[in-house]
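>>> Please work out how this folds:
(one chain, ligands or ions: 1)
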Amino acid sequence: MAQGGGTDRADAAGGAEPAEDADRAGDVDQAGGGAGIHRGREAVFIGGAWRPAATDGTIDVVNPATEQVIGRVPAGTAQDVDAAVTAARAALPGWAATPPDERAAVLGAARDLLAARREEIAATVSAELGAPMAFATAVHADLPTAVMASYAELAAAHPFEERVGNSRVLQEPVGVVGAITPWNYPLHQIVAKVAPALAAGCTVVLKPAEDTPLVAQLFTDILAAAGLPAGVFNLVTGLGPVAGQALAEHPGVDLVSFTGSTAVGRQIGATAGAAVKRVALELGGKSANVILPGADLARAVNVGLANVFANSGQTCSAWTRILVDAARYDEAVAIATASAAKYVPGDRLGPVVNAKQRDRVRGYIRRGVDEGARIVAGGPDAPEGLEAGYYVRPTVFADVEPAMAIAQEEIFGPVVVMIRYEDEEDALRIANGTVYGLAGAVWGADEESAVAFARRMDTGQVDINGGRFNPQAPFGGYKQSGVGRELGAHGLAEYLQTKSLQF
Ligand code: NDP
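Coordinates of the predicted model:
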């Protein structure tokens, strides 16, 4: 495995480098494709330039598959956040006044650069998150590129002005956005906030997850190379309770957009509420995969497991609860048991992001056993044959009661629970019976019956009979899964405020 630290602080300071000249070194052996990875700069990006952070603290970036340090970035502080917010405020009037088609052109250039650096992005995410290279390429690299493309189009096409009777209604940027993102889809979570914010005419300060800052730096180079004016986008790497909290609390930030745990989201929502500032929260989930009588059982179970085990179960919208009618429950469990065996850790299934997360997930598996659920695949022990890496065995629980912790709480690892229901009303009660409401799936004998059930689910997004993910469909939660929507036109609306002029 390639090793190395960041560039030195003096080298890192200075103007924004063109994308072609960004730090690149070494190969990612896990990737198999030999693509270079971005190793990290010991610099923050403020006002259009990479510069040393205010203090010397750094964060080592670890490859979760090898437990080796692969890069190093600054642990930014409130001082860096303050400088970044000041730069973003200074750049706001100019960017807000830039015609939407010119903003769209910059986003289009960013899209092209994301596509051109696909392999480097995939290799970098693969190294800092541990994702298998095929998934890193198809999802971690290609999904953000698709989202950026959609906002390049929306920025040009969106009606920023409309007439309502004797009024002209203007949609104006909210202002300076503080974006705080998690590690599970490191680039997607960033682009899902930054692209609509820029399309709307907002300026941004980003605090990415401490576990996955490398692709955030790579993305910063891409935005600079795409021609984004100085100060419109700023990056401060650092720890959540330090840099993240400073950003959420900064009076110069008009909107805080956060994705992560419900616990931190609640805190950020309270801070924003006290300051009466806008907030968007994308939080956890415990989504139901409801298999109605008459549905294609094998397909529903197999696709369901693939949905959960993708990204090692670290997906907020994962369908982690499979609901099956009592008559076909045993058959469904047998299918799941056989299917889970195909997800071999270290091969098809990557590690989870860090040791803390591994221990947390294994703790939940033990708790499920203690609660009386039956393990039919996987378990809490380390997978065999892997010397290093934060791996968890893909685990399926049967005989799960809806009230158990493993059926109520977000585990965020490769763990599926299978719950038996008596009739459709019972299934609905169970599906809606958590504090979350982010996503879900319904499989029916026909589309109509599945849609009828989906309409009654308290959740923000439902896939019908295996419907494909749509990067332009609004994404966000009911109940404690969050506030606001990301992606597509609904995602753009989060970053706009309206003014009406009467004539
Ligand atoms: P967090 O909510 O702690 O992290 C998300 C982001 O918030 C990170 O950038 C983090 O920084 C930052 N942050 C942490 N504390 C604060 C704070 N006080 N003020 C401002 N920002 C802060 O998630 P974890 O990484 O700790 O994961 C824990 C659990 O959260 C997971 O097991 C999962 O259940 C859930 N989760 C949900 C996600 C989702 O997509 N909905 C994504 C990630 C996690 P830093 O990286 O330094 O901690």
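>>> The residue in the stretch 351-500 of the chain that the ligand sits nearest to: neighbour count?
At 3.6 Å from the ligand, residue 412 is the closest residue in the stretch 351-500 of the chain, using Cβ to the nearest ligand atom. The way it works is simple: take the backbone N, C-alpha and C, and place the C-beta from them, glycine included. The number of residues packed near residue 412 is 25, by other Cβ atoms under 10 Å.
>>> Now it: closest residue in space that isn't a chain neighbour?
Once flanking residues are discounted, residue 412 sits nearest to residue 314: 5.5 Å by Cβ to Cβ, 6 or more residues apart in numbering.
>>> so how far is residue 390 from that neighbour?
Separation of residue 314 from residue 390 (Cβ to Cβ, to the nearest Å): 11 Å.
>>> remind me which residues of this protein are low pLDDT?
1-35 (pLDDT under 70).
>>> Can you find which helix in it contains the most residues?
Ranked by residue count under DSSP state H, the longest helix found in the chain is helix 78-97.
>>> Give the buried residues for that one.
Neighbour-count burial for helix 78-97 flags 78, 80-89, 91-92, 95-96 (criterion: 16 or more other Cβ atoms under 10 Å).
>>> just to revisit the earlier point, any shared contact partners between residue 314 and residue 390?
With contacts taken as Cβ atoms under 8 Å, 6 or more residues apart in numbering, residue 314 and residue 390 have 352-353, 357 as neighbours in common.
>>> which other residues reach the one helix or strand residue 265 maps to?
Secondary-structure assignment from DSSP states H and E places residue 265 in helix 262-274. If you take Cβ under 8 Å, 6+ apart as the criterion, helix 262-274 is touched by 180, 240, 244, 248-249, 256, 258, 278-279, 281-284, 410, 480, 482-483.
>>> For residue 387, which three-state class applies?
Secondary structure for residue 387, judged by DSSP: H, G, I helix; E, B strand; the rest coil, is coil.
>>> before we move on, back to that, nearest to the ligand among the buried residues of helix 78-97?
The closest of those to the ligand turns out to be residue 81 (Cβ to the nearest ligand atom; 10.6 Å).
>>> Compute the distance between that closest one and residue 255, please.
Counting by Cβ to Cβ, the gap from residue 81 to residue 255 is 15 Å.
>>> swap in residue 321?
According to Cβ to Cβ, residue 321 and residue 255 sit 33 Å apart.
>>> ok, now residue 482?
Residue 482 sits 14 Å away from residue 255, going by Cβ to Cβ.
>>> Between these two, which has more neighbouring residues?
Between residue 482 and residue 255, counted using other Cβ under 10 Å, the more crowded position is residue 482 (28 against 25).
>>> isn't that one right up against residue 285?
No. The pair residue 482 and residue 285 fails to qualify as a contact (Cβ atoms under 8 Å) at a distance of 9.0 Å.
>>> what is in contact with the two at once?
Common neighbours of residue 482 and residue 285 (Cβ under 8 Å, 6+ apart) are residue 438.
>>> Point out the residues in this structure that sit beside the ligand.
Proximity of the chain to the ligand, by Cβ under 6 Å from any ligand atom, involves residues 180-182, 184, 207, 209-211, 239-241, 244-245, 248, 259-261, 264, 267-268, 282-284, 316, 357, 410, 412.
>>> one more time with 5 Å
180, 182, 184, 209-210, 239-241, 244-245, 248, 260-261, 264, 316, 410, 412 (Cβ under 5 Å from any ligand atom).
>>> Where do the strands of the stretch 101-250 of the chain begin and end?
161-164, 167-173, 176-180, 203-207, 233-235 (DSSP state E, counting those that start in this stretch).
>>> packing partners for the shortest one?
Strand 233-235 makes packing contacts with strand 44-46, helix 78-97, strand 203-207, helix 214-225 when contacts are defined by 3 or more Cβ pairs under 8 Å, 6 or more residues apart in numbering; DSSP states H and E.
>>> now the longest one
Using 3+ Cβ pairs under 8 Å, 6+ apart as the contact criterion, the neighbours of strand 167-173 among helices and strands are helix 78-97, strand 161-164, helix 186-200, strand 496-502.
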